[in-house]
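>>> For reference, the sequence and a predicted model appear below.
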Amino acid sequence: MSKRKTFAAREDLINGVQEIAKRRDISLYGMINETFELTIRAEKLGVSLRELLEERRVLRDARVRGFILIPENILYEMAGEVRTKEDLRSWLEAGDWLAKRYLSSDAKDPFLAFKKDLEDFTWNTSELDIEEAGDEVSIRVISPRFPEYYTFLFAAFLEGALRVFGYVDVAKEVSRGTIRLRARREGEDGEGA
(Lines give C-alpha, C1' and ligand atoms only; values in the text may rest on other atoms or scores of the structure.)
Protein backbone atom coordinates (compact mmCIF):
# COMPACT_ATOMS: atom_id res chain seq x y z
CA MET A 1 0.00 0.00 0.00
CA SER A 2 1.31 3.42 -0.94
CA LYS A 3 1.88 6.08 1.65
CA ARG A 4 -0.23 9.20 1.56
CA LYS A 5 1.27 12.66 1.32
CA THR A 6 -0.27 16.00 2.10
CA PHE A 7 0.03 18.93 -0.27
CA ALA A 8 -1.22 22.48 -0.35
CA ALA A 9 -3.53 23.90 -3.02
CA ARG A 10 -5.67 26.99 -3.43
CA GLU A 11 -9.02 26.72 -1.67
CA ASP A 12 -11.04 27.60 -4.79
CA LEU A 13 -9.35 24.77 -6.71
CA ILE A 14 -9.95 22.23 -3.96
CA ASN A 15 -13.60 23.33 -3.76
CA GLY A 16 -13.96 22.98 -7.53
CA VAL A 17 -12.43 19.51 -7.53
CA GLN A 18 -14.66 18.51 -4.60
CA GLU A 19 -17.73 19.55 -6.59
CA ILE A 20 -16.59 17.51 -9.59
CA ALA A 21 -15.89 14.48 -7.39
CA LYS A 22 -19.32 14.81 -5.79
CA ARG A 23 -21.06 14.97 -9.22
CA ARG A 24 -19.09 11.94 -10.36
CA ASP A 25 -19.83 10.14 -7.09
CA ILE A 26 -16.18 9.51 -6.20
CA SER A 27 -14.08 10.60 -3.25
CA LEU A 28 -11.83 13.64 -3.32
CA TYR A 29 -8.93 11.23 -2.76
CA GLY A 30 -9.95 9.23 -5.86
CA MET A 31 -10.39 12.39 -7.90
CA ILE A 32 -6.96 13.76 -6.96
CA ASN A 33 -5.27 10.42 -7.69
CA GLU A 34 -6.98 10.21 -11.10
CA THR A 35 -5.78 13.75 -11.89
CA PHE A 36 -2.22 12.85 -10.93
CA GLU A 37 -2.37 9.61 -12.97
CA LEU A 38 -3.60 11.49 -16.04
CA THR A 39 -0.91 14.13 -15.62
CA ILE A 40 1.78 11.42 -15.51
CA ARG A 41 0.29 9.62 -18.57
CA ALA A 42 0.17 12.88 -20.54
CA GLU A 43 3.78 13.63 -19.65
CA LYS A 44 4.82 10.18 -20.89
CA LEU A 45 3.10 11.02 -24.19
CA GLY A 46 5.11 14.22 -24.37
CA VAL A 47 2.14 16.58 -23.93
CA SER A 48 0.61 18.53 -21.09
CA LEU A 49 -2.97 18.29 -19.88
CA ARG A 50 -3.43 21.85 -21.12
CA GLU A 51 -2.39 20.80 -24.64
CA LEU A 52 -4.72 17.79 -24.54
CA LEU A 53 -7.64 19.97 -23.46
CA GLU A 54 -6.91 22.48 -26.23
CA GLU A 55 -6.81 19.71 -28.82
CA ARG A 56 -10.11 18.37 -27.51
CA ARG A 57 -11.62 21.87 -27.75
CA VAL A 58 -10.48 22.15 -31.37
CA LEU A 59 -12.13 18.83 -32.27
CA ARG A 60 -15.37 19.80 -30.51
CA ASP A 61 -15.43 23.22 -32.18
CA ALA A 62 -14.78 21.68 -35.60
CA ARG A 63 -17.71 19.30 -35.19
CA VAL A 64 -20.04 22.08 -33.99
CA ARG A 65 -19.07 24.32 -36.92
CA GLY A 66 -19.75 21.70 -39.57
CA PHE A 67 -16.32 20.25 -40.22
CA ILE A 68 -15.68 16.52 -40.39
CA LEU A 69 -12.59 14.37 -40.31
CA ILE A 70 -11.85 12.60 -43.56
CA PRO A 71 -8.68 10.81 -44.66
CA GLU A 72 -6.59 13.25 -46.66
CA ASN A 73 -6.09 10.92 -49.62
CA ILE A 74 -9.86 10.43 -49.99
CA LEU A 75 -10.44 14.18 -49.89
CA TYR A 76 -7.90 14.68 -52.66
CA GLU A 77 -9.35 11.81 -54.71
CA MET A 78 -12.85 13.30 -54.46
CA ALA A 79 -11.52 16.76 -55.28
CA GLY A 80 -9.80 15.24 -58.32
CA GLU A 81 -13.21 14.35 -59.74
CA VAL A 82 -14.06 18.06 -60.04
CA ARG A 83 -14.12 18.95 -63.70
CA THR A 84 -16.69 21.70 -64.28
CA LYS A 85 -17.28 25.31 -63.29
CA GLU A 86 -20.33 24.09 -61.36
CA ASP A 87 -18.06 21.91 -59.23
CA LEU A 88 -15.78 24.86 -58.55
CA ARG A 89 -18.84 26.94 -57.68
CA SER A 90 -19.77 24.33 -55.05
CA TRP A 91 -16.52 25.03 -53.21
CA LEU A 92 -17.10 28.79 -53.51
CA GLU A 93 -20.59 28.29 -52.07
CA ALA A 94 -19.21 26.14 -49.24
CA GLY A 95 -16.95 29.02 -48.20
CA ASP A 96 -19.92 31.36 -48.51
CA TRP A 97 -22.07 29.08 -46.34
CA LEU A 98 -19.42 28.72 -43.66
CA ALA A 99 -18.77 32.47 -43.45
CA LYS A 100 -22.52 33.09 -43.07
CA ARG A 101 -22.53 30.70 -40.11
CA TYR A 102 -19.88 32.85 -38.43
CA LEU A 103 -21.75 36.07 -39.21
CA SER A 104 -24.94 34.69 -37.69
CA SER A 105 -23.14 33.32 -34.62
CA ASP A 106 -22.69 35.15 -31.35
CA ALA A 107 -18.98 35.68 -32.06
CA LYS A 108 -17.81 39.15 -31.09
CA ASP A 109 -15.66 39.33 -34.23
CA PRO A 110 -16.93 36.76 -36.77
CA PHE A 111 -13.94 37.17 -39.11
CA LEU A 112 -11.48 36.66 -36.27
CA ALA A 113 -13.41 33.52 -35.17
CA PHE A 114 -13.34 32.23 -38.77
CA LYS A 115 -9.61 32.92 -39.02
CA LYS A 116 -8.83 31.15 -35.75
CA ASP A 117 -10.93 28.12 -36.63
CA LEU A 118 -9.44 27.89 -40.11
CA GLU A 119 -5.97 27.92 -38.57
CA ASP A 120 -7.04 25.25 -36.06
CA PHE A 121 -8.93 23.01 -38.51
CA THR A 122 -6.74 22.98 -41.63
CA TRP A 123 -4.27 20.35 -40.50
CA ASN A 124 -3.21 19.52 -44.04
CA THR A 125 -1.51 22.89 -44.58
CA SER A 126 2.13 23.53 -43.77
CA GLU A 127 1.46 27.26 -43.52
CA LEU A 128 -1.74 29.26 -43.28
CA ASP A 129 -1.35 32.97 -42.64
CA ILE A 130 -4.28 35.37 -42.57
CA GLU A 131 -3.31 38.98 -41.97
CA GLU A 132 -5.64 41.94 -41.67
CA ALA A 133 -4.30 45.45 -42.15
CA GLY A 134 -6.83 48.24 -42.27
CA ASP A 135 -9.32 47.52 -45.04
CA GLU A 136 -7.23 44.73 -46.57
CA VAL A 137 -6.74 41.07 -45.84
CA SER A 138 -4.09 38.77 -47.21
CA ILE A 139 -4.16 34.99 -47.09
CA ARG A 140 -1.19 32.77 -47.77
CA VAL A 141 -1.51 29.00 -47.82
CA ILE A 142 1.38 26.66 -48.49
CA SER A 143 1.09 22.90 -48.55
CA PRO A 144 3.38 20.70 -50.64
CA ARG A 145 0.82 17.90 -50.22
CA PHE A 146 -1.96 19.77 -52.05
CA PRO A 147 -2.53 18.49 -55.58
CA GLU A 148 -3.07 21.28 -58.11
CA TYR A 149 -6.83 20.74 -58.47
CA TYR A 150 -7.34 20.74 -54.69
CA THR A 151 -5.34 23.97 -54.37
CA PHE A 152 -7.72 25.70 -56.82
CA LEU A 153 -10.76 24.33 -54.98
CA PHE A 154 -9.49 25.46 -51.59
CA ALA A 155 -8.76 28.91 -53.04
CA ALA A 156 -12.37 29.07 -54.28
CA PHE A 157 -13.55 28.11 -50.78
CA LEU A 158 -11.52 30.96 -49.28
CA GLU A 159 -12.78 33.43 -51.90
CA GLY A 160 -16.39 32.51 -51.10
CA ALA A 161 -15.81 33.15 -47.41
CA LEU A 162 -14.02 36.45 -48.05
CA ARG A 163 -16.91 37.75 -50.18
CA VAL A 164 -19.39 37.09 -47.39
CA PHE A 165 -17.15 38.98 -44.98
CA GLY A 166 -17.30 41.96 -47.36
CA TYR A 167 -14.02 41.57 -49.22
CA VAL A 168 -13.51 41.72 -52.98
CA ASP A 169 -10.60 40.19 -54.87
CA VAL A 170 -7.66 42.45 -55.49
CA ALA A 171 -5.01 39.91 -56.35
CA LYS A 172 -4.96 36.13 -56.61
CA GLU A 173 -2.07 33.78 -57.24
CA VAL A 174 -2.79 30.05 -57.19
CA SER A 175 -0.52 27.20 -58.18
CA ARG A 176 0.00 23.66 -56.94
CA GLY A 177 0.28 23.82 -53.15
CA THR A 178 0.34 27.63 -52.96
CA ILE A 179 -2.45 30.17 -52.55
CA ARG A 180 -1.96 33.91 -52.20
CA LEU A 181 -5.04 36.08 -51.95
CA ARG A 182 -5.17 39.79 -51.21
CA ALA A 183 -8.53 41.48 -50.93
CA ARG A 184 -9.98 44.76 -49.72
CA ARG A 185 -13.24 45.63 -48.05
CA GLU A 186 -15.96 46.18 -50.60
CA GLY A 187 -16.87 49.82 -51.03
CA GLU A 188 -13.61 51.22 -49.64
CA ASP A 189 -12.08 54.17 -51.48
CA GLY A 190 -15.46 54.83 -53.10
CA GLU A 191 -15.35 51.60 -55.08
CA GLY A 192 -17.41 48.42 -54.93
CA ALA A 193 -17.80 45.13 -56.63
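Done, it's in.
>>> Distance of residue 93 relative to residue 122?
According to CB to CB, to the nearest Å, residue 93 and residue 122 sit 19 Å apart. Every C-beta, even on glycine, is put in place using the N, C-alpha and C of the backbone.
>>> Determine the next helix or strand in the C-terminal direction from the helix or strand bottoming out on mean pLDDT in the chain.
In the chain, no helix or strand scores lower on mean pLDDT, DSSP states H and E than helix 72-80, which sits at a mean of 77. Of the helices and strands lying after helix 72-80 in sequence (DSSP states H and E), the nearest is helix 85-103.
>>> So for that following helix, what gets flagged as buried?
88, 91, 92, 94, 95, 96, 98, 99, 101, 102 (16 or more other CB atoms under 10 Å).
>>> For the second one, give me its contacts.
I take that to be residue 91. Listed by CB atoms under 8 Å, 6 or more residues apart in numbering, the contact set of residue 91 reads 82, 153, 154, 156, 157, 160.
>>> So residue 115 sits against residue 128, correct?
No - Residue 115 sits out of contact with residue 128 when judged by CB atoms under 8 Å, with a separation of 9.2 Å.
>>> Any idea how many residues pack against residue 174?
19 (other CB atoms under 10 Å).
>>> Residue 127 now?
9.
>>> ok, it touching residue 144?
No - in this structure, residue 127 is not within contact of residue 144 by CB under 8 Å, at 10.2 Å.
>>> What's the local residue count around residue 162?
23.
>>> Disregarding flanking residues, what is the spatial nearest neighbour of it?
For residue 162, ignoring the flanking residues on the chain, the nearest one in space by CB to CB, 6 or more residues apart in numbering is residue 183 at 5.2 Å.
>>> what do you get for residue 165?
residue 111 (5.1 Å).
>>> Model confidence for that neighbour, exactly?
Note for residue 111: predicted pLDDT of 93.
>>> Repeat that for residue 88.
Reading off the model, residue 88 has pLDDT 82.
>>> What are the boundaries of the helices in this structure?
With DSSP state H applied, the chain shows helices at 11-24, 28-45, 49-64, 72-80, 85-103, 110-121, 148-164, listed in chain order.
>>> Quick check: which of those helices is nearest to residue 179?
Evaluated over these, closeness to residue 179 peaks at helix 148-164, with 4.7 Å, by CB to CB.
>>> counting contacts, what elements does that closest one pack onto?
helix 72-80, helix 85-103, strand 136-142, strand 167-175, strand 178-185 (3 or more CB pairs under 8 Å, 6 or more residues apart in numbering; DSSP states H and E).
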